[in-house]
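# Need a 3D model of the sequence below.
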Amino acid sequence: TPTPTPTDGACTASYRTVSSWQGGYQAEVTVKNTGSAALTGWSVDWDLGGATIASLWNGTLTTAQGRATVRNAAFNGSLSPGATVSFGFTANGTAGTPAPHCAAG
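Numbering: from 1, shown residues only. I've put the predicted structure just below:
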C-alpha cells in the first residue's frame, strides 16, 4: 500500500508535561507544519480531563465542554513547511496524557 503524503495545510501537535506538583502542572504543546505549503494559522484542541487551565502563553485559549482550544497568537501563526512552534500553560488538576488534535487555518 502506498504511504500517504502530507498535504497542504496539514499539522501535528505533540504534548508533554514539563513539571507537576500537588494540585497542578505545567505542559507544553509543539505544533509542526507537516504540509507542503506554509500555514497562515493553526489551532490545537484536546480533552482537559477535569483540569482547568490557569495561564497560557504563545496562544489564545478558549474552553468549552471540558475541551481546550488554543489558536495561534498574532506573532506565531505563520509556519513554513517542517517548521515548529510551541505554546505552554499551567493548569490546576492532575497532569494527563491527552491526544491533541491540530488543524490548519
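# where does this structure have low pLDDT?
Across the chain, the ranges flagged by pLDDT under 70 are 1-9.
# Could you report the distance from the closest residue to S80 other than its chain neighbours to T90?
Leaving aside its chain neighbours, S80 sits nearest to A38 (5.3 Å; criterion: Cβ to Cβ, 6 or more residues apart in numbering). (Each C-beta comes from the backbone N, C-alpha and C, glycine too.) Distance check for A38 against T90: by Cβ to Cβ, to the nearest Å, it reads 31 Å.
# one step back: for the residue nearest to S80, give me its contacts.
Contact partners of A38, counting by Cβ atoms under 8 Å, 6 or more residues apart in numbering, are S78, L79, S80, P81.
# Rebuild those residues as a markdown table, extending it with secondary structure and distance to A27.
Output for the contacts of A38, formatted as a markdown table (DSSP: H, G, I helix; E, B strand; the rest coil; distance: Cβ to Cβ, whole Å):
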| residue | secondary structure | distance to A27 |
| --- | --- | --- |
| S78 | coil | 24 |
| L79 | strand | 20 |
| S80 | coil | 25 |
| P81 | coil | 26 |
